[in-house]
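>>> No letters, just coordinates:
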């Protein structure tokens, strides 16, 4: 899989983490780099580990699915993308209606501090989508080590910036990032399918 495609998938996946990082940035009492580093490191690590787990599962079915692997990739990436878009649009509608979104809730608004337990839960919640992408990587036989490094570093950088951006713009911007991320994943899925079809694979 080409570097640009993997990078595009990495950016799309990181939008969930970016959205949460923005929200937490708006809530946390940030005096040092402790929270930005802990949030971005945790999100980046989980985003890197989840595809590895999915890759192991996808590799098991690789030989059986060689003729339809690109269609499976399209379906998985589209499903993840549509879910992200649905969550983002739903959160925007709830905000307009004056209802707090459970996805974007501020976990630390009372104390301004973030517990290790909460950070761990947020790391899992923002990386579940990467599991499905890992399955796709297993089916397509990509270089998984390079891919997870790209995904992990991309998420780290974007989440780190998201925390500081959250201090400026608040959680609204994060919801739009979920929608953008979903759109990107769908586009990457279509690109993989089109690439395989054009090569007659």
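Nice, thanks for sending it over. None of these values were measured; they are calculated from a predicted model.

>>> from here on, contacts and neighbour counts on C-alpha atoms
Noted.

>>> In this model residue 159 seems to touch residue 18, though I could be wrong.
Yes - the pair residue 18 and residue 159 qualifies as a contact (CA atoms under 8 Å) at a distance of 4.9 Å.

>>> quick one: which of these two has more around it?
Comparing residue 18 with residue 159 by other CA atoms under 10 Å, the one with more neighbours is residue 18, at 33 against 30.

>>> Tell me the helices and strands packed up against the strand or helix carrying that one.
Taking DSSP states H and E as the definition, residue 18 sits inside helix 3-27. Packing partners of helix 3-27 (3 or more CA pairs under 8 Å, 6 or more residues apart in numbering; DSSP states H and E): helix 34-60, helix 144-169, helix 172-198.

>>> Tabulate those (CSV), appending distance to residue 137 and mean pLDDT.
Below are the helices and strands packed on helix 3-27 laid out as CSV (distance: least, CA to CA, whole Å; pLDDT from 0 to 100):
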stretch, distance to residue 137, mean pLDDT
helix 34-60, 6, 88
helix 144-169, 7, 90
helix 172-198, 11, 68
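
>>> out of these, which comes closest to residue 5?
Residue 5 lies closest to helix 172-198 among these, at 6.6 Å (CA to CA).

>>> for residue 59, what are its contacts?
Shown in contact with residue 59 (CA atoms under 8 Å, 6 or more residues apart in numbering): 135, 138, 139, 141.

>>> how about 7 Å then?
Residue 59 makes contacts with 138, 139, as judged by CA atoms under 7 Å, 6 or more residues apart in numbering.

>>> now do residue 57
Going by CA under 7 Å, 6+ apart, residue 57 touches residue 135.

>>> Tell me who's in contact with residue 58.
Neighbours of residue 58 in contact, by CA under 7 Å, 6+ apart: 135, 136, 138, 139.
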